[in-house]
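S.K.: sequence-free structure coming up:
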């Protein structure tokens, strides 16, 4: 579930929060986040992000060093615009969540 998109249009503030809903661990390798402008983030296989039941992670558009709860896209420009739809897709391309940026 995408629970928050904040700071749209400001590379230093832009962040998405993803939360694991459901049981069990969710291995994120190959999952994609995309927006209506064509920006695409693919979760890497190494190191692979694992969302534990009830767990959450923040994806920042700016650069940084990944941790267990914060990951960085390493973009030089913002990815999202207000009112844009963000889609989370599993590795097979099935839409698993959507979120409209405020």
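M.R.: Received, thanks. Just so it is clear, the model here is predicted, and its values are computed rather than measured. Numbering: from 1, shown residues only.

S.K.: what sits against residue 60?
M.R.: Contact analysis of residue 60 by CB atoms under 8 Å, 6 or more residues apart in numbering lists 14, 15, 70, 71, 72, 73. (Each C-beta comes from the backbone N, C-alpha and C, glycine too.)

S.K.: Out of those, which comes closest to residue 29?
M.R.: residue 71 (12.6 Å; CB to CB).

S.K.: Strands of this protein, residue ranges please.
M.R.: 2-6, 15-19, 26-27, 32-35, 40-42, 50-51, 56-60, 70-72, 85-89, 95-100 (DSSP state E).

S.K.: Looking at those, spot the one closest to residue 79.
M.R.: strand 32-35 (6.4 Å).

S.K.: Check which helices and strands the closest one sits against.
M.R.: strand 40-42, strand 85-89 (3 or more CB pairs under 8 Å, 6 or more residues apart in numbering; DSSP states H and E).

S.K.: Which of those strands sits closest to residue 54?
M.R.: Per CB to CB, nearest to residue 54 of the helices and strands packed on strand 32-35: strand 85-89, 17.4 Å.

S.K.: which residues does the residue most central in space within the chain contact?
M.R.: Most central in the chain under CA atoms, centre = their mean is residue 59, positioned 5.0 Å from the mean C-alpha point. Residues in contact with residue 59 (CB under 8 Å, 6+ apart) are 15, 16, 17, 18, 33, 41, 71, 72, 73.

S.K.: closest to residue 83 among the residues you listed?
M.R.: Nearest to residue 83 among the contacts of residue 59, with distances taken as CB to CB, is residue 16, at 15.3 Å.

S.K.: Give me the number of neighbouring residues for residue 85.
M.R.: 12 (other CB atoms under 10 Å).

S.K.: Compile the contacts of residue 59 into a markdown table and extend it with columns for distance to residue 80, neighbour count and pLDDT.
M.R.: As requested, these are exported to a markdown table (distance: CB to CB, whole Å; neighbours: other CB atoms under 10 Å; pLDDT from 0 to 100):
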| residue | distance to residue 80 | neighbour count | pLDDT |
| --- | --- | --- | --- |
| 15 | 10 | 19 | 98 |
| 16 | 8 | 26 | 97 |
| 17 | 13 | 15 | 97 |
| 18 | 14 | 25 | 97 |
| 33 | 10 | 21 | 97 |
| 41 | 11 | 20 | 97 |
| 71 | 16 | 22 | 95 |
| 72 | 15 | 16 | 97 |
| 73 | 11 | 18 | 97 |
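
S.K.: Alright, that wraps it up for me.
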